[in-house]
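In: no FASTA, just this:
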Ligand SMILES: Cc1ncc(COP(=O)(O)OP(=O)(O)O)c(N)n1
Ligand SMILES: Cc1nc(C(=O)O)sc1CCOP(=O)(O)O
């Protein structure tokens, strides 16, 4: 992967200047002699910067150049033998792809684990199975933590990781709390092509280092900010979020939508009426230009087509790279294999900040048959315990979940809030749920530090507007209601929220580990 005109040592030097803190030399085809020459040249650079150099697979080369350590795979020399040859002070990292391998490596005193492959990689042919993706990485990491002794386990994830998914991988793979322990993040990420194939290895390394720092602030469990400890406190915080968008002179949050053709016009108007600025563009090639300008991204999978699917992937990549919150509306996710696979892929590869769904969609995402769907509509009485359902989905995907229905439930898994505003006429017009997704996206962009409050502000705003619209003497049914709804979204004030928001903090076990 070394471009013409530069040497591997040059690239390593640039990458270290960008923020790389450990270097591994992995050469699969070089002669031993050439490997030694390269290793010596790279080692000179890493020593100058005081960064450890590890040699992949080849203990003999590591010994010959006095590298700081080695990385060995499951088919390489056993760890105990490598340790005997290298002595107690050298770093030995071990590749692991399962909880058993992780436990075994920790028990054999590996200095760190390389957990992978996380995603597909072009760098080598590796098998991905159910133990891959950030969820698989987390399962392996948790096994390592359970096996650790007095020396803390250390690990990095590897495979298909780059600037667009680094924060997601680090946030999602944090351990759940085990009895008597704190949630623990991986120690870092291992990348090949994200730096080696970049036009500027220094800039690429700096961008990745920024993503790693950023993950600690935005990814789970930073999401679990308390919305407030009483209903009154939460209503006041929601009103503050609302005011931050609607204050005279405030910049309108730009919401980039990829949404369905049934609601595209209504969603754009709802966004405007609530104080946002809509842009509706699904072309994949444009996402890297548009998403960084937006304050949030709404991805709604209704009326799916292949071009929109490509647009969603590109938009969510750009959102990951530029730290933009994503609101995912998994319309009728249980209805077709394509929708199910797409939502699973988007959540695994990119994650969402908020999932906005009706009860049937929440059930489909949980793999539960408790709430049936009729096309895009949820039917029946809903979940026996709706708060538990949203809490469970929030924990599963480590995101805020806003479930719309007669009563709406919004959860970040640590706190769950029921919203008892809204009107039955919302169920009589098409696109009311999609407009709720837009409303959430408007306010989530404004409440970056607390997406639970942003989601609540969107849900409360659209529901109060619906109540106001339904009360108007000129509203006689769905047609006039739809028209009035836009006027009332536009006319909504902070005082309406303070006086009329009907929310309650749902008591309940904080059953989901943080
Ligand atoms: C940090 C890190 N993790 C995993 C690997 C893979 O090593 P290995 O299993 O030895 O496979 P090859 O690199 O030999 O193809 C790694 N190199 N680094
Ligand atoms: C060398 C290696 N080992 C892996 C494993 O899963 O063990 S994945 C991998 C390649 C990582 O390259 P990139 O960052 O370009 O995807």
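Out: Good, I have the coordinates. Note that this is a predicted model, so its numbers are computed, not measured. Ligands and ions are numbered 1, 2, ... in the order given.
In: Any regions of the stretch 151-300 of the chain where pLDDT drops low?
Out: Applying pLDDT under 70 to the stretch 151-300 of the chain flags the ranges 177-181, 217-224.
In: which bits of it sit near ligand 2?
Out: Proximity of the stretch 151-300 of the chain to ligand 2, by Cβ under 6 Å from any ligand atom, involves residues 158-161, 191-194. Just so you know, the C-beta spots here come from the backbone N, C-alpha and C atoms, and that holds for glycine as well.
In: quick one: which of those residues is nearest ligand 1?
Out: Ligand 1 lies nearest to residue 158 out of these, by Cβ to the nearest ligand atom, at 4.3 Å.
In: So which of the residues of the stretch 151-300 of the chain next to ligand 2 is surrounded by the most neighbours?
Out: Neighbour counts for those, by other Cβ atoms under 10 Å, peak at residue 161, which reaches 28 neighbours.
In: measure that one to residue 415 for me?
Out: Using Cβ to Cβ, to the nearest Å, we find residue 161 at a distance of 31 Å from residue 415.
In: Quick check on the spatially closest residue to residue 323 that is not a sequence neighbour: phi, psi?
Out: Of all residues not flanking residue 323 in the chain, residue 214 sits nearest, at 6.0 Å (Cβ to Cβ, 6 or more residues apart in numbering). Backbone geometry at residue 214, expressed as degrees, to the nearest 10, gives phi -60, psi -40.
In: cool, residue 106 as well?
Out: When read as degrees, to the nearest 10, the backbone of residue 106 gives phi -70, psi -40.
In: Could you give the number of residues near it?
Out: 24.
In: Over to residue 199?
Out: Neighbour count of residue 199, defined by other Cβ under 10 Å: 7.
In: Next, it: secondary structure please.
Out: Here residue 199 is recorded as coil under DSSP: H, G, I helix; E, B strand; the rest coil.
In: now the one 10 residues further on
Out: Residue 209 carries the three-state label helix when classified by three-state DSSP.
In: Next to ligand 1, which bits of the stretch 151-300 of the chain? Give me the list.
Out: Close to ligand 1, as judged by Cβ under 6 Å from any ligand atom, the stretch 151-300 of the chain has residues 156, 158, 190.
In: Repeat the analysis, applying 5 Å as the threshold.
Out: Counting by Cβ under 5 Å from any ligand atom, the stretch 151-300 of the chain comes close to ligand 1 at 158, 190.
In: can you give me the strands for the stretch 151-300 of the chain?
Out: Applying DSSP state E, counting those that start in this stretch to the stretch 151-300 of the chain gives strands spanning 155-158, 188-190, 254-258, 277-280, 296-300.
In: Any idea which of those gets closest to residue 65?
Out: Residue 65 sits nearest to strand 188-190 of all the strands of the stretch 151-300 of the chain, at 20.4 Å, using Cβ to Cβ.
In: residues making contact with the closest one?
Out: 21-22, 24, 114, 116, 156-158, 161, 166, 169-170, 208, 212 (Cβ atoms under 8 Å, 6 or more residues apart in numbering).
In: Name every strand pairing with it and say which way it goes.
Out: Partners of strand 188-190 in the sheet, by DSSP bridges, are strand 155-158 (parallel).
In: worst-scoring helix or strand of the chain, pLDDT-wise?
Out: Within the chain, no helix or strand scores below strand 377-378, which has a mean of 70 by mean pLDDT, DSSP states H and E.
In: Quick check: what element follows it along the chain?
Out: Next along the chain after strand 377-378, taking DSSP states H and E as the criterion, comes helix 386-397.
In: Mind giving me the packing neighbours of that next one?
Out: helix 359-366, strand 400-404, strand 408-411, strand 416-419 (3 or more Cβ pairs under 8 Å, 6 or more residues apart in numbering; DSSP states H and E).
In: What's the mean pLDDT across that helix?
Out: For helix 386-397, mean pLDDT is 93.
In: got a winner among the contacts of strand 188-190 for most neighbours?
Out: Neighbour-wise, the contacts of strand 188-190 (other Cβ under 10 Å) top out at residue 157, 31 neighbours.
In: which ones are touching it?
Out: 115-116, 118, 134, 137, 169-170, 173, 186, 189-190.
In: what's the answer for residue 252, then?
Out: So residue 252 contacts 245, 275-277 (Cβ under 8 Å, 6+ apart).
In: Would you check how far apart it and residue 272 are?
Out: 8 Å.
In: same thing with residue 407?
Out: Counting by Cβ to Cβ - residue 407 and residue 272 are separated by 28 Å.
In: Please parse this protein into its domains.
Out: 8-219, 225-460 (automatic domain parsing).
In: Can you name the residues that contact the residue in the stretch 101-250 of the chain positioned nearest to ligand 2?
Out: Nearest residue of the stretch 101-250 of the chain to ligand 2 (Cβ to the nearest ligand atom) works out as residue 116 at 2.7 Å. Applying Cβ under 8 Å, 6+ apart to residue 116 gives the contacts 95, 97, 126, 132, 137, 157-159, 190.
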